[in-house]
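Quick one: sequence plus predicted model below, questions after.
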Protein chains: 2
Amino acid sequence: MYDLAIIGTGPGGYEAIMTALRMGLKIAVIEKDKLGGNCLNRACIPTKYFRTGAHLVEKLSVTNEYGIVLGDYKLDYTKAWEGKEKAIGFLRRSLEQLLKAKKTPVYKGVGKIIDKNKIEITKSDGTKQTIEAKYILIATGSLPVNVGNIKIDGENVLSTEDYMDKLKQLPQKVLVVGGGVAGCELGYIMNRYGTQVFIVELMDRLLPSPIISTEISRYLHRKFKKLGIQTYLKTTLENYSILDTGIHCKLSNGEELTVDKILLSVGRKPNTDIDTIGIEKDERGFIKVNSYMQTNYENMYACGDVVNSPMLAHVASYEARLAVNNMFNEKKEKADYSLVPWAIFTAFEIAHIGLNEEQAKSQGIETVSGYYPYTYNEKAVDEHEPEGFVRLVFEKGSQEVIGASIVGIGASEIIHEIAFAIKDRYTAKDLHEFIYFHPSLSEIFIYATYDIVVGKLFR
Amino acid sequence: MYDLAIIGTGPGGYEAIMTALRMGLKIAVIEKDKLGGNCLNRACIPTKYFRTGAHLVEKLSVTNEYGIVLGDYKLDYTKAWEGKEKAIGFLRRSLEQLLKAKKTPVYKGVGKIIDKNKIEITKSDGTKQTIEAKYILIATGSLPVNVGNIKIDGENVLSTEDYMDKLKQLPQKVLVVGGGVAGCELGYIMNRYGTQVFIVELMDRLLPSPIISTEISRYLHRKFKKLGIQTYLKTTLENYSILDTGIHCKLSNGEELTVDKILLSVGRKPNTDIDTIGIEKDERGFIKVNSYMQTNYENMYACGDVVNSPMLAHVASYEARLAVNNMFNEKKEKADYSLVPWAIFTAFEIAHIGLNEEQAKSQGIETVSGYYPYTYNEKAVDEHEPEGFVRLVFEKGSQEVIGASIVGIGASEIIHEIAFAIKDRYTAKDLHEFIYFHPSLSEIFIYATYDIVVGKLFR
C-alpha cells in the first residue's frame, strides 16, 4: 500500500511528487502520456520557448544599434520545434531521473479509481493493473473543447496540443479561432515566424477576460495591427470546407478566407473521467473539493484544472502543495486565491495581479490609479524595449494598492512585487519610497506613484 | 529667490527635480556638464546599454535553437557606441524638454555656494553669475581616483568616464586595473566585443566587497576563465611605460604584459569642492549630513555620492526624494539604508539584498540557507539561460529571510521580491507558499525553500 498515489504529472502532480518525496512518503505516480503533463509538453513551457524565439526574431531588428551587424538570416521553424523538444525533453528527463533515483514507480496508463484505496491502471496495450494507496491525488488536468460545428481533427483543424505535438512546419496562412490567451500567444509566435495570421474572436476585444483591462486589450490590438495580424472581433467562424486548395472559411461578418490550417483555442474542460465510485462533480463538471482540496472521499484530494479554480499551472502547483500538506500534516491550510498572478506572453509580456479598475468598480470600490509608460524607464531604453506601461490601482481612501497590470518586458516577474505589496497592504507612498535598483524595470513603481504621492507634473 | 537650487543633475539631482516640480516649487538647476550627470552619461545607463549588446552577442550562439539561422555577422563597436549615444541622448532630451516645459532655468557651469542662500555659477567662458535660493541641494556626485603611480591621462590610461566618452573603438588588448563592479562590467563588455581583457585585482577575489559572497566571486571567476578573460588576483600593476608598440605593464607577480589601453576602475571620491562657507565634511571627505540629509547649514541638504552612504544611483535618488520632502514638508523622514538592493551586470546579472551568510556570521547571527540553481527553472531553460543560482539566507531560529544573493537573468528585478519579504519579515514558509506565475524565474524561491520548509530530497 502506497502512502499516496498521484494521478497525472502536470504542474499539480509534479509539485505533489516534489513535496511528497521530501516528506519521505512512499508514492506511486500514474501518467497516461508523457511525464510533465500538458503544461510541460504542450502548453506553458513550449509556448514560452517559442515566444522567446519569436521575440528574438523581433530583436534582430535592433542588433545594429548594439554594433551587431547581421548578414542575411533565415527562419527555420522546424529547428525551433526541435529546440523546443530538446528543452522540454531535458526537463522531462530531469523528472524521470529523480523518480528513478527515489525508486518511485511510474505506472504508464490511464488510472481509474475503482475503490476508496484502489486505482486500476489500463496500459496502452489494454492490460490492467491495480494498485493501492492510502491517499489519492487527482491531478488529471483538462482537455480542449470543440465549439459549434468546428471539429478538431488533428490535421486541418488543430487543438493547441496538436500545434505543439505535430506542427513541425508552420502553415502559410492560419485562422486562429479564439482571441484569448492561447490564441494571442500562438498567433504572435506564428506571425513572427512568417505565417499570415487571422484571429476571430466572439467578444468585442482580444483577451476578453475580466482580469484583463480593456486598456490592455486595445494596446495589444494596436500592436497586432502593426505586426500584420488581422483580428476580427465580434466574429465567429460560421463554417468551413476543406478543399484541395485550402480550408475555405466563412466568417459571421460575411467575409471569406482561405487558410491552410485552423487553430482552435476556445477553452478547456476538466478531465474528470477518473472514477467509478461517485466522486462528486459540480454542475460544470469540475471535481468538487472543499477549501482543503479534499473531495467527498476524505482520502482523495484533487488539484489543478480538474477543480473549479483558475486554470493556471501555478494554481495547480499551489493546490498540490496544499493538498499533500493537508493529507499528512496536523495543521491543515485552506486555499487562498486572493493573490494569483496572471501573465500572458504574446506580442507583449502582460501581467496582472489583484483587481483592475473595472473589476474594482464592479465591486463598488472607489479607486485612484497610477500610470507610467516604459518609454522613459532607463532599463527599457537600454534594452530597446520602450513599449508597455504599468497601471497600479489603489483603494481611494486608504491609498492601499489593490491591483496592478503591467505590459512590457519583465512584466511577469515584477508583478510579484505588487503581489507582495498587496498582501502587506502597502500604500502608494510605501511603493514610492521603496528603494529599487537603478536602472531597473521595477523603478517604474516609483514613477507610477508620483502623481498620487507627491503631485502631478502638469495640472 | 528660488525655493530650491539643485547643484548637479545625476540620479540625485534628477529625482529632486521631479519631486520639487511636482510639489509646485520654483527651482533652479545648476549643471557643469551634461544633464543627467555621470549615471546617465557615463556610468549606469551606458554600461547597461553596452551590457545588453554584449549579452546579445552571447545570445547569437543559441539563435539556431530557435530556428533563427544567421549567416556571417560582424561586430562593430563604433555602432554600439553610437547606439549608446542615441539612447542616453533620448533620455537627456526628455529631461531637457521637461525642464523647458516647466520653465525651469538650467545654469550651465560650476556652482559654488558663497553664502547661506547664494550660489555663484562659473560658466565655461569664465563669466560668473549669482543666484539665490531658500534651500540648496548638493548633488555633485563623485570623481574617479588615481591609484599609486597610475595616472589617468584620458588617452592611454582611461577612467571609466573616458571609456564612455571617448572610446569609440575598442583596443585589441586592455588591462583593467580593479576587479570591482566597474572593472567586471566593462571587462565583460570589451571581452564580448572582441578585446583581449586582463584584469588585475589587489584582493583575493573578483568583486571583493562584503556584500558579494565568495561563492559568487568564484562563480564569476570560473565564467571569466571560460570567456577568456584573464584575471590576476592579489596582484597590482607595479609600473608601466608607454611605448610605440603599446603600453608595457609590469605586474606585482612578476608577469609582464603589453596592452593598448589601461582602464582604471579602482574607486571614486566625493566631489566636494562646492563651497566657501565651511560646509562640514567627514574625515574621508564626504559632506556630513544628519539622517534627514541636512548639512550643518539648516537650509542645505546633500545626497548621493557626495555623502557617506552606499555609492549607488538609487541611493542618491532615494536620498534626494527624502531631502526635498524634509525641506518642505512638515513631516520629516529619516534615511533608512537597511534595504538597499545591489546589482551588477557582468557575465552574469548578479543581485544582492540584506545579509549574505558571511555578513550574518560576522554579526553573530546563526543562519540557514536555501539554494537552487537556475538549471531546472523552466523559464531559464526556455530562454537558454541555465546559468546562475539563488541563495536565500534565513535567521536560524525564526526562519525569517534576512538576505538573498541571485546570479542569473532577471536577478536585478526579482531581488526586489526578497527586499519586500525582508521588510515584512517573511519566513521561509511564507516564501515557499506564495503563488508565483508559472513559468517564471521568481518560482526559484519556492524551490530554494523546499529543503527548509518541507525536507531534503536526498538526506
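Looks like it came in fine. Numbering: from 1, shown residues only, chains lettered A, B, ... in the order given.

The helix or strand of chain A with the lowest mean pLDDT and chain B, any residue contact?
Ranking every helix and strand in chain A by mean pLDDT, DSSP states H and E puts strand A:142-144 at the bottom, with a mean of 92. No. Using C-beta under 8 Å from any C-beta of the partner chain, strand A:142-144 stays clear of chain B, with a minimum separation of 15.2 Å. Backbone N, C-alpha and C define where each C-beta goes, glycine included.

packing partners for the host helix or strand of residue A:15?
If you go by DSSP states H and E, residue A:15 is part of helix A:11-22. Helix A:11-22 is packed against strand A:2-7, strand A:27-31, helix A:37-42, helix A:77-101, strand A:128-138, helix A:313-328, helix B:450-453, with contacts defined by 3 or more C-beta pairs under 8 Å, 6 or more residues apart in numbering or on different chains; DSSP states H and E.

hang on, the earlier thing: list the neighbouring strands of the least confident helix or strand of chain A plus their orientation.
Partners of strand A:142-144 in the sheet, by DSSP bridges, are strand A:268-270 (antiparallel).

Quick one: mean pLDDT over the strand it pairs with.
For strand A:268-270, the mean per-residue pLDDT is 95.

Need the contact partners of it.
A:140-145, A:284-287, A:305-307, A:311 (C-beta atoms under 8 Å, 6 or more residues apart in numbering or on different chains).

That one: what's the following helix or strand?
strand A:300-302.

Check which helices and strands the strand or helix carrying residue A:258 sits against.
Assessed by DSSP H and E, residue A:258 sits inside strand A:256-259. In terms of contacts (3+ C-beta pairs under 8 Å, 6+ apart), strand A:256-259 is packed against strand A:173-177, strand A:246-251.

picking that back up, how far does the helix holding residue A:15 sit from the chain's center?
Helix A:11-22 sits 19 Å away from the centroid of its parent chain (C-alpha atoms, centre = their mean, to the nearest Å).

That one to strand A:27-31, inter-axis angle?
Calculated by axes from the mean of the first three to the mean of the last three C-alpha atoms, to 10 degrees, helix A:11-22 forms an angle of 160 degrees with strand A:27-31.

relative to helix A:77-101, how tilted is helix A:11-22?
30 degrees.

And the average pLDDT for helix A:11-22 is what?
Helix A:11-22 comes out at a mean pLDDT of 98.

do stretch A:363-374 as well
98.

buried stuff in it?
A:365, A:367, A:369-370, A:372-374 (16 or more other C-beta atoms under 10 Å in any protein chain shown).

Could you check that stretch against chain B for contacts?
No. Legend: contact between stretch A:363-374 and chain B by C-beta under 8 Å from any C-beta is lacking; minimum distance shown is 11.4 Å.

can you tell me which of the helices and strands packed on strand A:256-259 comes nearest to chain B?
Of all the helices and strands packed on strand A:256-259, the one in closest proximity to chain B, counting by C-beta to the nearest C-beta, is strand A:173-177 (16.9 Å).

Check which helices and strands the closest one is in contact with.
helix A:181-192, strand A:196-200, strand A:246-251, strand A:256-259, strand A:261-264.
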